[in-house]
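[1] Take this sequence and fold it.
(chains A and B)
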Amino acid sequence: MNKVLVIIPAYNEENCIVSTVREVENLCFDYIVINDHSKDHTLDVLRRNSIEYLNNPINLGIGGTIQTGYIYAFEKGYEYAVQIDGDGQHKPEYIVEMLNYMEESQCDMVIGSRFITNEGFQSTYLRRKGIKYLSFLIKILTKRHITDPTSGFRMVNRKILECFMHDYPRDYPEPETAVAVLKKGYKIGDVPVVMLEREHGKSSINFQRSVYYFVKVSLAILFAAWSYREEE
Amino acid sequence: MMTLHLRIILIILTIIAAWIFSFNVKHKKLELKYTLMWFGEFVVLVIVLMFPQIFHYCGYILGIKTVMNTVFFLGFLMLFVIAFIATVALSRNSVRVKLLAQKVALLEKEIRNLAELNDEK
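    Below is the predicted model:
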């Protein structure tokens, strides 16, 4: 058995889920696709192509979906779990680099960051500013610099898996869980990655939601910093 | 001062509200557990409306001059408590539903795996 599980959340990804899965298979990693009650034919596509999948009976949002994957990874005894998007934004070949970095640096979590080499798809100007602001907020609260706190391309070890399977936010989970991990005294590293612009589908964050995102994520980071004390 | 007229109207409204809740509990649309706090509120309301001196006394303690403001304030306070309890229940249920959905997803995969094993045999 492989020691890494690739978790691929899928919500209305009938167009690109198969190619993403095949890429992961070519790299010989174990994977699990989690269909978050998609409204399109994602489930049929998964069945027809005999892809390993879990099927949420109701829509749980990205946080709940990833958490399902973490529970699965923990119960199946995987050493590491890495999350990649089902829409082709994250290139699976970076998983190898992330794994190497994880093992060399003894980090507990490794984030694939767009903003180390600043190559590839960099997102829009406003979003980059938003990400800068989140990095700044996290720096103030934890004194650590996270270059890409919103990246969903993250690998965690078993210790973090165990934390996350008990406690993981429902929506926009990345920044606040990074703070929680740091506050619990675990180490986060980052590896430069190049992300692609999504092939199909739209980002889950549109303009109206960005206000909600801003308020919710800022508050969530503050609460995360407050809830978890640094372990000496 | 609250007029007798107003007090009678409010008592009738409270009784109607209590009846609506009872009707829904009877037809299993509301769970008695979560309506208890509403019934508590109705009882308090009726008592206070029958003895409006209580309003005067509360207003005096809180430093509110007009009786109607005391009525509004106490009404707001009771609704606040109920809304808070409801929000706590909602949050807890949301976590429980998520947990159940995740368990269902994991168990369904186990079942599929077992079915496949059976087919192979």
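
[2] so who does the one residue sitting closest to the centre of chain A touch?
    In chain A, the residue lying closest to the centroid (Cα atoms, centre = their mean) is A:G152, at 2.9 Å. Going by Cβ atoms under 8 Å, 6 or more residues apart in numbering or on different chains, A:G152 touches A:62, A:83-85, A:90, A:174. All C-beta atoms are positioned from the backbone trio N, CA, C, and that covers glycine.

[3] That one: what secondary structure?
    The assignment at A:G152 comes out as coil when based on DSSP: H, G, I helix; E, B strand; the rest coil.

[4] Let's see the pLDDT reported for it.
    For A:G152, the model assigns a pLDDT of 90.

[5] quick one: contacts for A:S218?
    Shown in contact with A:S218 (Cβ under 8 Å, 6+ apart): A:L137.

[6] That one: which element?
    helix A:207-227 (DSSP states H and E).

[7] got the buried residues for that helix?
    Within helix A:207-227, the residues that qualify as buried are A:213, A:217, A:220-221, A:224-225, counting by 16 or more other Cβ atoms under 10 Å in any protein chain shown.

[8] average model confidence for that helix?
    Throughout helix A:207-227, pLDDT has a mean value of 87.

[9] Ok, stretch B:67-75 next?
    85.

[10] circling back to that earlier point, so which of the contacts of A:G152 are in helices?
    Counting by DSSP state H, the contacts of A:G152 place A:62, A:174 in helices.

[11] now the contacts of A:G152 as a markdown table including pLDDT and neighbour count?
    Formatted as a markdown table, the contacts of A:G152 follow (pLDDT from 0 to 100; neighbours: other Cβ atoms under 10 Å in any protein chain shown):
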| residue | pLDDT | neighbour count |
| --- | --- | --- |
| A:I62 | 91 | 21 |
| A:Q83 | 94 | 24 |
| A:I84 | 92 | 26 |
| A:D85 | 86 | 21 |
| A:H90 | 88 | 26 |
| A:E174 | 92 | 22 |
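
[12] any idea which of the contacts of A:G152 is closest to chain B?
    A:I62 (12.4 Å; Cβ to the nearest Cβ).

[13] what residues are up against that closest one?
    Here A:I62 is in contact with A:9, A:11, A:36, A:152, A:171-173, A:204 (Cβ under 8 Å, 6+ apart).

[14] Reformat those into TSV and put secondary structure next to each item.
    TSV is the format used below for the contacts of A:I62 (three-state DSSP):
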residue	secondary structure
A:P9	strand
A:Y11	coil
A:D36	coil
A:G152	coil
A:D171	coil
A:Y172	coil
A:P173	coil
A:S204	coil
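
[15] Now rank the residues you listed by neighbours and give me the top one.
    Within these, most neighbours by other Cβ atoms under 10 Å in any protein chain shown means A:P9, with 27 neighbours.

[16] which one is that one nearest to, not counting chain neighbours?
    A:T65 (4.4 Å; Cβ to Cβ, 6 or more residues apart in numbering or on different chains).

[17] Next: A:L137.
    A:L137 sits nearest to A:I221 (Cβ to Cβ, 6+ apart), 5.6 Å away.

[18] Run through the residues that contact that neighbour.
    Contacts of A:I221 (Cβ under 8 Å, 6+ apart): A:134, A:137-138, A:141, A:175-176, A:179.

[19] please redo it, this time with the cut-off set to 6 Å
    Residues near A:I221 by Cβ atoms under 6 Å, 6 or more residues apart in numbering or on different chains: A:137, A:175-176, A:179.

[20] how about the residues of chain A near chain B?
    Residues of chain A lying close to chain B by Cβ under 6 Å from any Cβ of the partner chain are A:54-58, A:60, A:64, A:68.
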